[in-house]
Every structure is written in structure tokens, then in C-alpha cells.
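Visitor: got a predicted structure plus its sequence, pasted below:
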There are 4 protein chains.
Amino acid sequence: MQRRAQLLECATEMFAERGYHETSVAEIVDRLGVGKGVFYWYFSSKEELLAEILRGSSLDLRRRQQASIRDIADPMVRIEIGIRTSMQWFYEHRKYFALFQSAANIEPFASVARKNSDVAIADAVRHIKDAIVEGQIADQDPEMLAQAVVGVIEKLTRVYIFDRDEPADRAADATVSFCLNGLCRLSPIPVS
Amino acid sequence: MQRRAQLLECATEMFAERGYHETSVAEIVDRLGVGKGVFYWYFSSKEELLAEILRGSSLDLRRRQQASIRDIADPMVRIEIGIRTSMQWFYEHRKYFALFQSAANIEPFASVARKNSDVAIADAVRHIKDAIVEGQIADQDPEMLAQAVVGVIEKLTRVYIFDRDEPADRAADATVSFCLNGLCRLSPIPVS
Amino acid sequence: MQRRAQLLECATEMFAERGYHETSVAEIVDRLGVGKGVFYWYFSSKEELLAEILRGSSLDLRRRQQASIRDIADPMVRIEIGIRTSMQWFYEHRKYFALFQSAANIEPFASVARKNSDVAIADAVRHIKDAIVEGQIADQDPEMLAQAVVGVIEKLTRVYIFDRDEPADRAADATVSFCLNGLCRLSPIPVS
Amino acid sequence: MQRRAQLLECATEMFAERGYHETSVAEIVDRLGVGKGVFYWYFSSKEELLAEILRGSSLDLRRRQQASIRDIADPMVRIEIGIRTSMQWFYEHRKYFALFQSAANIEPFASVARKNSDVAIADAVRHIKDAIVEGQIADQDPEMLAQAVVGVIEKLTRVYIFDRDEPADRAADATVSFCLNGLCRLSPIPVS
DNA sequence: TATGAATGAGAGTTCATTCAT
DNA sequence: TATGAATGAACTCTCATTCAT
């Protein structure tokens, strides 16, 4: 349905710009120039709308990641391509980025956000384990490494791509460089 | 002021658990078993309360960081100690962590959060520049490196210390290892 | 809009009887047997509601005055008809009278009330100037004379028409008699 | 008591400037630099305070009027002096003037205001009756004439003395001139 | 006498949601 | 499908008043 898509897009934009709580249903339908009834025809509640946005967009991101990696054998390259694909996707869907970040801190969406994050981490863990098996990465907790990589991705995306509106390349180069270095050493450096 | 401190603490807890918007002034004073007026005797608004919490706690964190680093000459060690101190502080003040993260996504606090973050980044940038001068870190954009380090800190803090309630050590070890590796290489690894 | 008119009327009555501050939005909608939301569907605030009432009613009064005077050449007669028309209108809209009087003493409406009053005075001044030119009134400050006339109108309206619920005639006769005498002397009487 | 007088004066000023409802007890005691307890030591309520102000000041005004008239035999001169004295008093106590006017429109004070006004009118009526007996004023309803005179006094006081801050003379001259003319004619002018 | 923290009813306002049309 | 008036619970905030100290 065209209307449904319009609502989804319009709401995404407004949630991203002004926040979920700060955006009322009335404002969403006003911007679209339709009545309130339309909203409740397509969505059972405001909450469901955000859940839907979250679900749809993280699905899209994951599909893109998997497509970009499909034919690559080397796990380190899969990691690198995964990083670049994610950041390019965030660049192209900047509005979703803000939503992802803030949803994690809004009670009813925390679990959805958690689930999405778990899936992304699980994907990364797989590559890291492969790399450990192949001796490219030292034998550390793969999940922690995956989380670290995601942490860098998210931070540089927020600061350079989202806040400062740069194209994705520079931040992606830095992320790849930092993370591959962080991962690659065969043994952790000694702690003082 | 005992009451003021009680309100601050109680509100911090509730904001951290359930979110700023999801916590009403009525609930805060109810939990304390006092009248609504008490709240507005000590704070001019709910907004001011959160701003106060943010201000106070980030000041405390920064003081702790600076105290822990004061007498250390080697910039790489300063970075490591900085990471460990931050994560230990977050462990001891888990409730503030959630607040820092979510405040960044709530309109009236975004600028405060931004300012706090800028200060933290500026501190880290100083150490990184020193390390670059001393040849310990390759000559890359120091701010980007600082952001990457902070990204790892925040992510591992959230997942292991905040969500899973682990003590700070394990996550801090991993963060230090990952970041020092990420920073240390004399030249960035070639990008595919 | 039926509802809007109901709210306007109901609020006018209650404001007149009990005062603006003493009448709550809750009481207005309760008396109408509707929900609180209805009020804010039609008016953006309680303040705007009173402003609206003031605007609408003083416009109506002025229209009535001008219609009653339109075809009258003699300025003294215009003044007399103006007095009678005003008092008749106040009799027919007794509730507005109290509102006009009290609005002048409520901060946010003082300027509106002032403006309304200025318009009324300007109208009267025109007639008085005409009468001075024609030699019917001695050459005194026309604005002061106009204010004096309005003072008499307001006082007798309040006491006899509003407080004591008399029809307008007796008070209007007295007002006309007093004012035309007050105005007419060719020279002011000597001051002791 | 000094404190009591301070409270009375301070409150009068603030009520006059900003209105009764718009001035809180907290603001009154703050301006005096004392605690809230002081207020409730001297007055049982905010309402009682205003009632007290009203009572005291109208008593003072009346005393002044009576003193100024005591030895004057001619009723017309008594009226004139009464007008001048009132307006001079209002000039010297401008803050009370606003209070008198607005109190009439605040529910719990309407009756006090009414009573004060009744006393003033009764005084004027006495002089007017005397003048009628002596043939200086035509035989009309003396109360209506008194109300008319008071209406002029109040209006010119408000506009010229209170709003525009002029000294009392000019407005008083005009009031006397207008009212004595309005009163003096032996027969009311014919009504069209 | 005086303080000022505490109370709590009640104010104005918002907004997700419903439903007759 | 669509409208938009209506609902009413919940919200933030105010303030006259009380009372332990």
C-alpha cells in the first residue's frame, strides 16, 4: 500500500529529526495531509509503527551486508567489506541510524534493538571465528572482538557521517584500519 | 542537602532503568514518599534535573580520569589508564552510563551530551598527538582515532558491564588490547 | 461551529459571573458535559479564549454603535444616540460588560482592553470636535470630555443595568441628561 | 507593628502592579527578604490581606474627604472639594487606585468593594440632596447623580492620573467642570 | 517571632486512541 | 478507506498554607 509506505517514511524522518516522544501522531498525519484515521488503519499504535520501522530497516541492512559478502572466501576481507557496506548503508539511510541508536534507550524497543544487535554480532562472530581458525586473528573471545568492531563502526558513523554529514569513505577507511589492526595481532599486547 | 541528593539519586536510577520520558515527576516523588512540591523546591524543572545529573556525573568522571593519569609520562600508558579508569567508573556508576547514552538522543540534552563528549575526545586527542610525536602511533587523524577508542569503550561497557553486569576487568582488558593494537601500528594497514 | 460557539458562550457566562482566574477550563468543559480535549481542539489556550471573546464582542458593540449613528448629522444627537445604543447593548449583553471591566485589570488583556477603549474614545472625540466646531460645546480638551462621558456610561451601566438588573432606559436617560449638560455649557464654570 | 505595615505596603504595590492573582505570597515575602511564616503570623490568608488593604485605604480616603469638607456650608462647594480631594488622594496613592478597581471584579472582594462604594455614594448623595433642597440642582434621583460623578472621577483618574501619570490638577479641573455642569441645570435637558 | 522545607489539591495543557459519519 | 471531533488519563508545574525547628 502506498499510504503505508508514506507513513513509514514520513514517520522515520520525523522520529530521526526530533525523536520518538517528541513527534506526535497528529504531526505525522498533518505533514502527510491526511486524517488521523489513516494512521490507525495501517498501524495499531504509534509503538507498533516504530517497531515496524526498526524491523524493516535492520532487515534491509542485513540483506545488503550478506549480498556484499556472499562470494568472498577470506574472512578478514569479509569483515572489511562488512564494515564498509554497513557504513555506506548508514550513509544512505542516515535517518535510520539515529533511530537505531535512540530506540535502544526507549523501554519498549530496547528488546527489539537488542535482538537486531545480536544478529549483527552473530554474523561478525562467524567471520572472526573463521579468521581465528585460519590463524589470522589471535585466539580471543570472538564476541568481544565483534562488539568492539561494531562499537567503532557506530561511533565513527555517528560523528562523521551522521553529525558532520561527511560521505562514508573517510570514516570507513579509518574504521577498517583501526579494527583490522585491533584484530590482527596474533597475541594481545601486554597490559601494564 | 539531603533531600536534593535523594532526588538526584532516585531520579538517576529511574531515568536509567525506564528512561527520561517514561519516568514522571510524580513517580519520582512517590518513590521517595514525599509531596510533589519537594521536587520543585529543589529543581526548577524536570529538564533541569537531568541536566544537573549529566553535569555532575560527567564532571566526576573527568576528575577521576585526570587524577589517575596525572603523573604518567608515557602517552600510550596514559591512554591505557584512561580506558581502564573510565570503564571502572562506569562500572561503579552503571546508572549514569545509560543516562549518558540516552541523553544524546533527547533533544534538549543533545547539546550538553555533545559538549561532554567533545571534552572527553579532546583529552584523548592530546595523548594521541603526544604518542604520534613520539613515534608510537602512525600519523593519522588523531580525532578519528580518539573517537574509535571511545566507541570501543562505550560498546563494551554497554554490553558487558551494563547489560550483563560483569565487573569491569574483562571488558577493559579487551578494550585496551583492541585499541592499543588499533592505534599502535606505525602505518595503517593497506586498504583492499 | 456549534461547539466553538457553545464554549464561547459558556465561558463568557462563567467568566462574567465568577471571574477569569476563578473559572477553570475543567469547569467550563464540565458544565458543557464534554471532555477537556474539546476545549483545546477549538482554542489554543484559556488566554486565547478570553482574547477571542473580547475581540468578538467589542467588534459587535462598535458595529452596533456605528449603524445607529450613520445617518445622523447633528453631532450632539450622535453623542446621545451613541450613549443610548451602548447602554442598550450592554443591557442585552450584560455578561460581556463584566468581562470588559475586569479584563482591563488582568495583565495579558490590559493591552487589548486599552486598544478597545482607545477606539471607543476616538469615535466619541470625533463627535465632540464636530460639536466644538459648530459651537455647541465649549473649546475644551475633547478627549477628556469623551473620557468623562464614557466614565458615566460605564458607572451607571454597572450599577443600574448590571448589578441591579434594571432595563437600560432609566440609566441611559440619566447618562444623557448628565453628559449633555456637562458638555454643553459654552464656557467651563469658574473653578473656585 | 512595623512588619505588618511593611507587608501591607509591599503587597499593595505588587498587587497594584501585577494583579492579585499574579502576585504570590512567596514573591511578597521574598521582596521583603523574610520567611513565609512572617506572612501567616500577621495575616490569616492572602485573601484577608487584600481585604485589609481595601478596608484601611478606603477608610483613609474617607477621612481625608471628610476633613476637607468639614467646615464648608455650600453643598456645591462640598461636592467640588470632595472631587478634588478624592483625585488628589488617588494621585498620592496611585497604587490603591488600581486595587480598588480590580477588587470589584474579584469574587471574594466584590462585596467589600461594593460596601466601600456604597459609603462613598451615600456621602455624595447627602450633598446632592442638600443642593436640591437649596435649589442648586434640579430634582432628580440623587443617587444616580452621585454615581455619575463618581464615574467621571474614576475614569479621569484612571486615564490621566494612573495610566498617564499626570498630576491631579488637570483631570480634577475637568471633572469638576463636567460634573458641576452636569448637575447644575435646573431642569434636565429634553431627551430627543 | 521567624524560618523555609514540605504538602497536595488543582491548574493548564498534551496526546494516543476511538468512532460516528 | 478516510475524516476529524471527541475522549480522558496523564503530564508538568504552581502556590496557598502548615508546622517542626
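Guide: Structure received.
Visitor: I figured A:G82 hits A:R70, correct?
Guide: No. Applying C-beta atoms under 8 Å, one finds A:G82 not in contact with A:R70, separated by 11.5 Å. Any C-beta I mention is one placed from the backbone N, CA and C, and that applies to glycine too.
Visitor: more neighbours: which of those two?
Guide: A:G82 (22 against 8; other C-beta atoms under 10 Å in any protein chain shown).
Visitor: how close does the more buried one get to D:G182?
Guide: Applying C-beta to C-beta, to the nearest Å, the value for A:G82 to D:G182 is 96 Å.
Visitor: again with A:L49
Guide: For A:L49 relative to D:G182 (C-beta to C-beta), the value is 72 Å.
Visitor: which one of those two has more residues nearby?
Guide: D:G182 (28 against 21).
Visitor: go ahead and confirm the more buried one touches D:A148.
Guide: Yes. The pair D:G182 / D:A148 is scored as a contact, 6.5 Å apart, by C-beta under 8 Å.
Visitor: find residues that contact each of those two.
Guide: Listed as contacting both D:G182 and D:A148 by C-beta atoms under 8 Å, 6 or more residues apart in numbering or on different chains are C:V152, C:F178.
Visitor: so, in contact with DNA strand E or not, the helix or strand encompassing A:S68?
Guide: Element membership of A:S68, judged by DSSP states H and E, is helix A:46-69. Yes. Using C-beta under 7 Å from any atom of the strand, we find that helix A:46-69 touches DNA strand E at A:K46, A:E47.
Visitor: can I get the following helix or strand past that helix in PDB, CA atoms only?
Guide: With elements assigned by DSSP H and E, the helix or strand that comes after helix A:46-69 is helix A:75-92. Once non-C-alpha atoms are left out, helix A:75-92 reads as follows in PDB (Å, rounded to 0.1, in the frame of the first residue of the first chain):
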ATOM      1  CA  PRO A  75      37.200 -13.900   6.500                       C
ATOM      2  CA  MET A  76      39.300 -10.800   7.000                       C
ATOM      3  CA  VAL A  77      38.100  -9.400   3.700                       C
ATOM      4  CA  ARG A  78      34.500 -10.400   4.700                       C
ATOM      5  CA  ILE A  79      35.000  -8.300   7.800                       C
ATOM      6  CA  GLU A  80      36.400  -5.400   5.900                       C
ATOM      7  CA  ILE A  81      33.600  -5.500   3.300                       C
ATOM      8  CA  GLY A  82      31.100  -5.900   6.100                       C
ATOM      9  CA  ILE A  83      32.300  -2.700   7.700                       C
ATOM     10  CA  ARG A  84      32.300  -0.700   4.500                       C
ATOM     11  CA  THR A  85      28.900  -2.000   3.500                       C
ATOM     12  CA  SER A  86      27.400  -1.100   6.800                       C
ATOM     13  CA  MET A  87      28.800   2.400   6.900                       C
ATOM     14  CA  GLN A  88      27.800   3.000   3.300                       C
ATOM     15  CA  TRP A  89      24.200   1.900   4.100                       C
ATOM     16  CA  PHE A  90      24.100   4.100   7.100                       C
ATOM     17  CA  TYR A  91      25.300   7.000   4.900                       C
ATOM     18  CA  GLU A  92      22.500   6.300   2.500                       C
END
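Visitor: who are the packing partners of the helix or strand following helix A:75-92?
Guide: Using DSSP H and E, the helix or strand that follows helix A:75-92 in sequence is helix A:94-103. Applying 3 or more C-beta pairs under 8 Å, 6 or more residues apart in numbering or on different chains; DSSP states H and E, one finds that helix A:94-103 makes contact with helix A:2-18, helix A:46-69, helix A:107-133.
Visitor: for these, could you give me JSON lines that also reports distance to chain C and mean pLDDT?
Guide: Formatted as JSON lines, the helices and strands packed on helix A:94-103 follow (distance: least, C-beta to the nearest C-beta, whole Å; pLDDT from 0 to 100):
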{"stretch": "helix A:2-18", "distance to chain C": "20", "mean pLDDT": "94"}
{"stretch": "helix A:46-69", "distance to chain C": "17", "mean pLDDT": "95"}
{"stretch": "helix A:107-133", "distance to chain C": "25", "mean pLDDT": "93"}
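Visitor: and A:C179, how many neighbours?
Guide: That count, for A:C179 with other C-beta under 10 Å as the rule, works out to 25.
Visitor: the helix or strand hosting it - what's its average pLDDT?
Guide: A:C179 belongs to helix A:168-184 when assigned by DSSP H and E. Taken as a whole, helix A:168-184 has a mean pLDDT of 91.
Visitor: off-centre distance for it?
Guide: Counting by C-alpha atoms, centre = their mean, to the nearest Å, helix A:168-184 is centred 17 Å from the centre of its parent chain.
Visitor: next, the angle helix A:107-133 makes with that helix.
Guide: Interaxial angle of helix A:168-184 relative to helix A:107-133 (axes from the mean of the first three to the mean of the last three C-alpha atoms, to 10 degrees): 60 degrees.
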